[in-house]
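Enquirer: what follows is a protein structure lacking sequence information:
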């Protein structure tokens, strides 16, 4: 055989062919647009998070969370773990070289070796050796390459999971902060209501002392005062618990949270375009992580298939050997050997075939999981879009309701003072105003939260030039 032919044959053996299917992105039925009406323009998710929130204190809290959160640190450590696993797996594709050295001094017994006299210098044998051992598995059928492919895809999945945690953390901090500012506003409303009802109770008690009103008016005023006082206690409890929750998101012990803008002072971009549905497949980290998991599992089919075929390995040693340590590096002490090993499965009761079937079944599971993740992503975007539209309309209605309730409360109080109506009308309008103010605050918070949820659903929350 000519050297050229031998070289071509060796190259063919070394390159081999990778068994198993090559990964291709599954074809999905992606809609051309969203069901809910959206604003035109570049996707809202392309804006970095620090340009979305205009409250400096909220920005500071988010940055603190990204720096201190244990979840982020765990995710980063997992990336390092899987990067190391990729290095371990990839190293199997290259030759392994080990350096070994040994020295021995032996005085065999006379019973084992007749004629040998133990203790004599002539009967003591010495051997010293220094060698380099080489092992290389020829990846004939792509088992090692598919293993590396799977490890690389698994690393990408872990990296996308870290992004998912980051986006979720940004959204959680922002949503919890909005909840805290809502509770602050509700507490303020309740405290103001307590003060107003306490003044009313004092006036009614004075009128009762003069005999101008009945005792029932005093009792009804007392009832309304205690209702507002209970609302204050409930709001105070929820404020502290929300501060504790936000502190945990920041990666620190429970404590007070510095406030920034009030809930009514919070602003968001006037236009909130969602972009194209197809962008979700390229941006959402959970979708990308699920696809990477599918790609890794697809590669494992090839690993399982390659195990059904022969394995070719090359071994060799190059070293020095001598009976005297001083002669180890002298001429004539060198030696070498080389060998080829071929191992092929002959009979294993269908184990290797079953292994392939297992990997195919796992791949089918991850394919369905990927499709489910995409469907869930579209649902979350649609839910956020309809929430933004309806909460915006609901908040406007609640705002008008508060204005009407304030006007009604003022008029009913004047009518009661003029003796035109009973105190029941005053109580009814005051209850309506109190409930309307609380509902207006909650609806405004839900409107802001729905914008944050859309940002999260679209895969926003990270810088476009993030490394």
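Expert: That came in fine, so what should we check first? It should be emphasised that the depicted structure is a prediction, and the values quoted were computed from it without experimental measurement.
Enquirer: make it CA atoms for all contacts and neighbour counts henceforth
Expert: Will do.
Enquirer: contacts only, for the residue positioned nearest the centre of the chain.
Expert: Geometric centre of the chain, nearest residue: residue 165, 2.9 Å, by C-alpha atoms, centre = their mean. By C-alpha atoms under 8 Å, 6 or more residues apart in numbering, the residues touching residue 165 are 71-72, 75.
Enquirer: helix or strand for it, which one?
Expert: Secondary structure assignment for residue 165, by DSSP states H and E: helix 143-210.
Enquirer: quick one, strands of the protein?
Expert: In the chain, the strands defined using DSSP state E lie at 96-106, 125-138, 311-322, 334-343.
Enquirer: in the shortest one, what counts as buried?
Expert: It stands for strand 334-343. residue 334 (16 or more other C-alpha atoms under 10 Å).
Enquirer: what's it packed up against?
Expert: strand 311-322 (3 or more C-alpha pairs under 8 Å, 6 or more residues apart in numbering; DSSP states H and E).
Enquirer: same thing but 10 Å
Expert: Judged by 3 or more C-alpha pairs under 10 Å, 6 or more residues apart in numbering; DSSP states H and E, the packing partners of strand 334-343 are strand 125-138, strand 311-322.
Enquirer: one step back: in TSV, list the contacts of residue 165 along with distance to residue 156.
Expert: Shown next, in TSV, are the contacts of residue 165 (distance: C-alpha to C-alpha, whole Å):
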residue	distance to residue 156
71	18
72	16
75	12
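Enquirer: can you select the buried ones from the residues you listed in PyMOL?
Expert: Buried residues within the contacts of residue 165, by 16+ other C-alpha under 10 Å, are selected in PyMOL with:
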select buried, resi 71+72+75
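Enquirer: closest one of the contacts of residue 165 to residue 413?
Expert: Nearest to residue 413 among these: residue 71, at 54.7 Å, using C-alpha to C-alpha.
Enquirer: hmm, back to that, and of the strands of the chain, who's closest to residue 217?
Expert: Across the strands of the chain, closest to residue 217 is strand 96-106 (C-alpha to C-alpha), at 93.5 Å.
Enquirer: which residues are in contact with the closest one?
Expert: If you take C-alpha atoms under 10 Å, 6 or more residues apart in numbering as the criterion, strand 96-106 is touched by 123-137, 315-325.
Enquirer: and the angle for that strand with strand 311-322?
Expert: 40 degrees (axes from the mean of the first three to the mean of the last three C-alpha atoms, to 10 degrees).
Enquirer: parallel or antiparallel, list what pairs with strand 96-106.
Expert: strand 125-138 (antiparallel) (DSSP bridges).
Enquirer: measure how the partner strand sits relative to helix 143-210, angle-wise.
Expert: 70 degrees.
Enquirer: and strand 125-138, what's buried?
Expert: 128-131, 133-138.
Enquirer: include distance to residue 409 and pLDDT when you put these into a markdown table, please.
Expert: A markdown table is the format used below for the buried residues of strand 125-138 (distance: C-alpha to C-alpha, whole Å; pLDDT from 0 to 100):
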| residue | distance to residue 409 | pLDDT |
| --- | --- | --- |
| 128 | 104 | 81 |
| 129 | 102 | 85 |
| 130 | 99 | 85 |
| 131 | 98 | 86 |
| 133 | 94 | 91 |
| 134 | 92 | 93 |
| 135 | 90 | 94 |
| 136 | 88 | 93 |
| 137 | 87 | 92 |
| 138 | 88 | 92 |
